[in-house]
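> When you get a sec, could you give me coordinates for this:
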Amino acid sequence: MIARICLILALLAAIPGWSQTDTPATGTQAPAAQNGAEDADNQVTNTGMLTPPPVTGEAYAAAPGNEVRNNYLTLGVTSTAGYDDNVAAGYSTIPESDMIYSFWPTVSLDKNTLRIREKFNYSPGFTFYEPHTLHNASDQNASANITLHPSETTTISMLDSFVRSSTLYNQPNGSSGGAVTGGTPGQVVGAIAPFADRITNSADVELSDQPGENQMIGMSGQYSQLDYPDASQVQGLYNSNSYSVGAFGSDRLSGRQYFGGNVQHSRVVSYLKVSDSVLQSDNIFGFYTIYLRNSPQSVISISVTGGPEHYTAVQIPEPSLEAWAPAVTVAVGMQQHLWSMAVNYSHNVTAGGGLPGAYREESVHGFYRRELTPTWDINVSGIYALNTNITPKFPLAEPGGHTMTIGVSAEHRLTRSLTCTAGYDRMQESYSGVGALSQFPNSNREYGSITWQFSRPLGR
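All right, here's what the predicted structure looks like:
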């Protein structure tokens, strides 16, 4: 916590003074149109530059354009009943099925003014199992996202997310494995114990400034933590945390094209029983982003990031491992009036995520949301990660494996405030060296839920 506060203060202290250009756009607004042909497709014209997805740290918009609203206070509650065919995933060769009931109050605030954008969300959860009541638990979900414009060309973004969950499904993004971003992941997706207590906390702060009409510079810092309060539930998995700091420069080639580079230093620590496992990385990445469309009705962007990555893996008493490796991330984000989607592919060396040692990870992460009719929506999300251990001689090393999750759901709005949902989740893993997942780790869940929600506009 102290490290994150110091990081934020350091970035705030580095805010430059007022510059010469107009107010910059945010990552969901249009870039400047440079000629008449681009004006025709980009219905918003703004001389402010965008911060490309590879360096923002923010997730792609999950809601279609017609669902986006600013300046609202929202209250709601969700009740869910579901059936899972294996709540003892990883512990037993004989699946144990349960009915699962959960209850989720929610309060969220989205406030937008000329100089500041504030988004807050808090949702405590209560989950009950039948007949295996041993899994009964209460959960916590809270997030904050603040964007400041202290001058006409300077932007400060701060994000923080805290989740305490007893199951993979009772948290934001559910079985999708987290939000889809345009940047390189900091920690390995890792192995997931689907029915174990976990605490995750992640923070991201970024400072960017536009010193010229087509140039942008900035710096950023990220911190994330994974903690398992009950080690007996996750044999073979370990607590970890990570941080990274970096700087970037971006140049606008045209109204739709951005090119730049970033340098980054990161450190991931896994807290093992015998000795901490540490992965330290330094990289120099170039990136390219093109906005095929960017207007209030249509946002489509493609981003490519890649370059050399130097890593050092340390775990006493073994000799350290030091090498260079290529890393690449390709991300596509689309937000239309009636649908939205995002896909991220990443190849890099990382660590954490509950696993000991360092891993070469190939991962694909995505979601799709579509409004079929004014009252019907569908959602599809999922992740696939293949992890190969590059430190097999380290103590407690496990060979690696793969993780796959997928979720499919359909929503029906009964009234303005009442929505019902039916869905299916599937988790499939293969990690023979992880005790908590060595038996039968796969599970299937079918569920139905009903949500009541009330929204009140602010300042109106």
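
> All the strands of the stretch 351-460 of the chain, in order from the start?
355-373, 376-389, 400-413, 418-430, 443-457 (DSSP state E, counting those that start in this stretch).

> on contacts alone, who are the packing partners of the shortest one?
In this structure, strand 418-430 makes packing contacts with strand 400-413, strand 443-457, judged by 3 or more CB pairs under 8 Å, 6 or more residues apart in numbering; DSSP states H and E. Bear in mind the C-beta positions are built from the backbone N, C-alpha and C, glycine included.

> and with 10 Å instead?
Applying 3 or more CB pairs under 10 Å, 6 or more residues apart in numbering; DSSP states H and E, one finds that strand 418-430 makes contact with strand 72-84, strand 376-389, strand 400-413, strand 443-457.

> how about the ones you listed in TSV, adding distance to Leu50, mean neighbour count and mean pLDDT?
Shown next, in TSV, are the helices and strands packed on strand 418-430 (distance: least, CB to CB, whole Å; neighbours: other CB atoms under 10 Å; pLDDT from 0 to 100):
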stretch	distance to Leu50	mean neighbour count	mean pLDDT
strand 72-84	25	16	93
strand 376-389	25	19	93
strand 400-413	30	19	92
strand 443-457	28	16	92
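
> Pro356 is nearest to which of the ones you listed?
Nearest to Pro356, of all these, is strand 376-389, at 8.8 Å by CB to CB.

> mind checking which of the helices and strands packed on strand 418-430 is nearest Gly261?
strand 376-389 (26.5 Å).

> Counting by contacts, list what the strand or helix carrying Val328 packs against.
Element membership of Val328 [criterion: DSSP states H and E] is strand 321-336. Contacts defined by 3+ CB pairs under 10 Å, 6+ apart place strand 321-336 against helix 53-56, strand 277-294, strand 298-314, strand 339-352, strand 355-373.

> for the shortest one, what is the average pLDDT?
The average pLDDT for helix 53-56 rounds to 85.

> Could I have the CA atoms of that helix written out in PDB?
Extracted in PDB, the C-alpha atoms of helix 53-56 (Å, rounded to 0.1, in the frame of the first residue of the first chain):
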ATOM      1  CA  PRO A  53      -4.400   0.900 -25.800                       C
ATOM      2  CA  PRO A  54      -0.900  -0.600 -25.400                       C
ATOM      3  CA  VAL A  55       0.000   2.000 -22.800                       C
ATOM      4  CA  THR A  56      -3.200   3.100 -21.100                       C
END
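
> So, low pLDDT: which residues of this structure?
1-48, 89-93, 170-178, 186, 459-460 (pLDDT under 70).

> Now distance to His265 too, for the strands of the stretch 351-460 of the chain, in CSV please.
As requested, the strands of the stretch 351-460 of the chain are exported to CSV (distance: least, CB to CB, whole Å):
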stretch, distance to His265
strand 355-373, 16
strand 376-389, 23
strand 400-413, 25
strand 418-430, 31
strand 443-457, 38
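
> And these: which comes nearest Asn294?
Nearest to Asn294, of all the strands of the stretch 351-460 of the chain, is strand 355-373, at 19.3 Å by CB to CB.

> Tell me which other helices or strands that closest one touches.
Looks like strand 355-373 contacts strand 257-271, strand 277-294, strand 298-314, strand 321-336, strand 339-352, strand 376-389, strand 400-413 (3+ CB pairs under 10 Å, 6+ apart).

> Each with direction, which strands does that strand pair with?
strand 339-352 (antiparallel), strand 376-389 (antiparallel) (DSSP bridges).

> Pull the distance from it to the chain's centre.
9 Å (CA atoms, centre = their mean, to the nearest Å).
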